[in-house]
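A.B. asks: I would like to see how this sequence folds:
(2 chains)
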Amino acid sequence: MKMDGGQALIRALELEGVDVLFGLPGGAILPVYDPIIDSSIRHILVRHEQGAGHMAEGYAHATGRPGVAMVTSGPGATNIVTPLCDAHLDSVPMVVITGQVPYAAIGTDAFQECDTTGITQSVTKHNFLVSDAQDIPRTIKEAFHIATTGRPGPVLVDIPKDIVDPDNPRSAMEWTDDVEMDLPGYTPRTDVDPVAIAAAADLIRAAERPVLYVGGGILKARAAEVLRQLAELTGIHVVTTLMARGAFPDSHDLCLGMPGMHGNFTAVTAMQESDLLIALGARFDDRVTGRLDGFAQGAKIIHVDIDAAELGKVRRPDVAILGDCRVAIEALVADLASNGTGGADRDAWRSRVSGWQERFPLSYEQAQAGDELKPQMVIERLRDATPDDTIVASGVGQHQMWASQYWSFDHPYTWINSGGLGTMGFSIPAAIGAKAGCPDKMVWAIDGDGCFQMTAQELVTATVEKIPIKVALLNNSYLGMVRQWQEMFYDERYSEVFLSKDVPDYKAWAESMGCVAMRVDSPEEVDVAIAKANEVDDRPVVIDFRVAAAEKVYPMVPSGASNSELVVPPSQQDQPR
Amino acid sequence: MSGPGDASAAAQHHVPDYRYHTLVVTVENKSGVLARLAALFSRRGFNIESLAVAPTDDDRFSRVTVVVDLESAPLEQIIKQLDKLVNVVNIRELHPGHAVERELMIVTVAAGPDRRDELVEQLDRAGGKVLSVGADAMMLSLVGPPSRVDEFEELLGQYGIIELQRTGRVALANLDEAD
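C.D. replies: Residues are numbered from 1 along each chain as shown, chains lettered A, B, ... in the order given. Next comes the predicted model:
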């Protein structure tokens, strides 16, 4: 069938099962926007290309399907570099289509030209510059294959205008349904080495103080179910990293919660004192390990990862298992079920763990009458007033850590955040993407005032496209995490962190964007506002919670310190460790 | 001292304690692939000692011979990161001592008539060739193992090197090592 390149591009996206496309048109991508009118794909018109990228990420996090964004050349492409980098660091499957100047004009500094594939090379899993219309279907197929297999990640496809412009003879192509991929260098491995599995099972049987160290790879591998089998079969405690919150239910007896710089005492200390860390889809990030030479010094390591380069990159494993986490855990469960879970005596370890849990629960100082709102309390109330499977998307900073700590995640794919890159402004567009992919679920963005000001314009998108997300804005009038570091490590010398509580007027701003908006100053207003927000289902809601600026995130491992030097909140500082 | 058995086992099973290591990387012969390789080395902080690239007998692929500096990163991590590049088809380590390595140097040396005989004698001993002769200079070429090229380059210093180009190392596994 004869087609032009633009039609072929949209047809190829439809064949990949794309139902939602986040984007913003411009000169170079213009011809592709014409066939969109006739397509079954829903296009969501964003207000800034960064929004399109984070929406695609939010969609992917929530649905497990690749998020897709389309933008024009030059500034369109550069504006989506941050989401690409974000998706690269958090292994989010995403395909980004960028317009490019006509093929013959590349390299001439044409209007809105930039070297998109050059710029994005280091922030994508792979990228393509397509030179012929005939190659479009194959390239799209390859892009989705690369984005969604092996270690997932973002893939960019750069499309010169002439090969999609029906007025240009270079756009003529012959469509066929069966195109073959040509990727001789891409052969991700999913099966696991049985010898390594047997060795890992032996280590597990012998361990007296084992901990399952669970990372975002568990979610990417759709392995939450088998993880639970493994934990329950062996009785081994689980820590879920920032990227894995929800992969194992917080309400489960074996769940110790989040480890790392702002992890809870028990999760951090159990890893430190462990004799066997079973790392599943986790990458020994510096925010988890603290100072590396002081990290879990007595622990042997089993490391399961689908990316060979992660095995031994930071910490040398005693048993390395290359492959898909779900396949590996299933094999471990099979071995432990048939050969026994071993006779190691873990009673003493269990009582140490429960002792830490009793002495060092997550805690903050409750507000006294007349005190300002506590941000942690707002999150607890929100948690208790929303359905169990509510999706929470957060920005980056103190509110992100409090959300991760004080929310109770009992379902996978309900927590969406920017872990590796730490992208402020992530939450609103990510929440919109999640809601677009899961319209039947309640989606709350938990945001800070610094973050809100970076991407709030996408609430216009949410209003116009009828994507009713809800935003809990924890407005402490500061770049709060930076303020916390300046308080603790820079002698309370506050440099360029104050933002003002009243400018902008968040309520008026949100209303101007078509949202229902509320302002909450006192504790007694909190539940009422949340209940009212939960009832709105036809437009976005923003609640400006005006919270105490002096609150700090505890516990905290100071940057560069060992995890054994975890700073607990003042009320727990006299407790024996 | 360990016995001879121990020594040979160590040589076979451990990466030898050389600072530089040769990798032969087969890549897809597409535009931009060399830039991807070079950018990977730079962003991961891996240092390259030399790099030689050319298409293979199969024009879909190019063969890259890269000499990496193991002081900058462990060999295992370099190989694994290279392998993640979608356009990289195959990576092979060539252990020093188990491969034939060659490098070409062409060089213009200051050499008036009074020093030419001496220079040509040394060139013959090294196995090089005279490419052209000018009034006060000679252009020479030498193909050989990188160490011999190094030595000859050092020797030329006493004459005065006017211009010099080396290709970087290319290598093939020894016949009995080839798979």
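A.B. asks: Next, give phi and psi for the residue lying closest to residue A:493 once chain neighbours are set aside.
C.D. replies: When the adjacent residues along the chain are set aside, residue A:493 lies closest to residue A:486, with 6.1 Å between them (CB to CB, 6 or more residues apart in numbering or on different chains). For the C-beta atoms, the positions are set from N, CA and C on the backbone; glycine is no exception. Per-residue torsions, residue A:486: phi -70, psi -40 (degrees, to the nearest 10).
A.B. asks: ok, residue A:486 - contacts?
C.D. replies: Going by CB atoms under 8 Å, 6 or more residues apart in numbering or on different chains, residue A:486 touches A:492, A:493, A:494, A:495, A:497.
A.B. asks: Over to residue B:33?
C.D. replies: For residue B:33, the contact set (CB under 8 Å, 6+ apart) comprises B:27, B:62, B:87.
A.B. asks: Ramachandran angles for it?
C.D. replies: Torsion angles, degrees, to the nearest 10, at residue B:33: phi -70, psi -40.
A.B. asks: What residue spans form the domains of chain B?
C.D. replies: B:16-96, B:100-173 (automatic domain parsing).
A.B. asks: can you redo the ones you listed as JSON lines with mean pLDDT and distance to residue A:241?
C.D. replies: JSON lines is the format used below for those (pLDDT from 0 to 100; distance: least, CB to CB, whole Å):
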{"stretch": "domain B:16-96", "mean pLDDT": "91", "distance to residue A:241": "22"}
{"stretch": "domain B:100-173", "mean pLDDT": "95", "distance to residue A:241": "43"}
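A.B. asks: which other helices and strands contact whichever helix or strand residue B:139 is part of?
C.D. replies: Element membership of residue B:139 [criterion: DSSP states H and E] is strand B:137-144. Counting contacts by 3 or more CB pairs under 8 Å, 6 or more residues apart in numbering or on different chains; DSSP states H and E, strand B:137-144 packs against strand B:99-110, helix B:113-126, strand B:129-133, helix B:146-156.
A.B. asks: tell me the most buried of the ones you listed?
C.D. replies: Ranked by mean neighbour count, those are led by strand B:99-110 with a mean of 19 (mean count of other CB atoms under 10 Å in any protein chain shown).
A.B. asks: Report the distance from that strand to the chain centre.
C.D. replies: Centroid separation between strand B:99-110 and its chain, computed with CA atoms, centre = their mean, to the nearest Å, is 10 Å.
A.B. asks: what's the angle between it and strand B:129-133?
C.D. replies: Here the directions of strand B:99-110 and strand B:129-133 differ by 20 degrees (axes from the mean of the first three to the mean of the last three CA atoms, to 10 degrees).
A.B. asks: tell me the phi and psi of the closest residue to residue A:273 other than its chain neighbours?
C.D. replies: Nearest non-adjacent residue to residue A:273, counting by CB to CB, 6+ apart: residue A:209, 6.2 Å away. Per-residue torsions, residue A:209: phi -130, psi 60 (degrees, to the nearest 10).
A.B. asks: what's near enough to touch residue A:209?
C.D. replies: Applying CB under 8 Å, 6+ apart, the residues contacting residue A:209 are A:270, A:273, A:274, A:275, A:276, A:346, A:349.
A.B. asks: and if you look at residue A:489?
C.D. replies: Contact partners of residue A:489, counting by CB under 8 Å, 6+ apart, are A:558, A:559.
A.B. asks: Now do it against residue A:409, distance only.
C.D. replies: Distance check for residue A:489 against residue A:409: by CB to CB, to the nearest Å, it reads 30 Å.
A.B. asks: ok, and for stretch B:165-178, which residues are buried?
C.D. replies: Across stretch B:165-178, burial judged by 16 or more other CB atoms under 10 Å in any protein chain shown covers B:166, B:167, B:168, B:169, B:170, B:171, B:173.
A.B. asks: okay, which residue is most central for chain A?
C.D. replies: In chain A, the residue lying closest to the centroid (CA atoms, centre = their mean) is residue A:417, at 3.9 Å.
A.B. asks: backbone phi and psi for the nearest residue to residue A:148 once chain neighbours are set aside, please?
C.D. replies: Closest residue to residue A:148 apart from its sequence neighbours, by CB to CB, 6+ apart: residue A:93 at 4.7 Å. Dihedral pair for residue A:93: phi -70, psi 120, per degrees, to the nearest 10.
A.B. asks: ok so, going back, go through the contacts of residue A:209 and flag which are in helices.
C.D. replies: For the contacts of residue A:209, membership in helices holds for A:270, A:273, A:349, with DSSP state H as the criterion.
A.B. asks: Tabulate the residues you listed (CSV), appending pLDDT and neighbour count.
C.D. replies: Compiled in CSV, these are given as follows (pLDDT from 0 to 100; neighbours: other CB atoms under 10 Å in any protein chain shown):
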residue, pLDDT, neighbour count
A:270, 98, 27
A:273, 98, 18
A:349, 98, 21
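A.B. asks: what does the stretch 401-550 of chain A put close to chain B?
C.D. replies: Residues of the stretch 401-550 of chain A lying near chain B by CB under 8 Å from any CB of the partner chain: none.
A.B. asks: cool, chain A as well?
C.D. replies: Looking at chain B, the residues of chain A close enough under CB under 8 Å from any CB are A:117-118, A:121-122, A:125-126, A:129, A:146, A:183-186, A:307-309, A:311-313.
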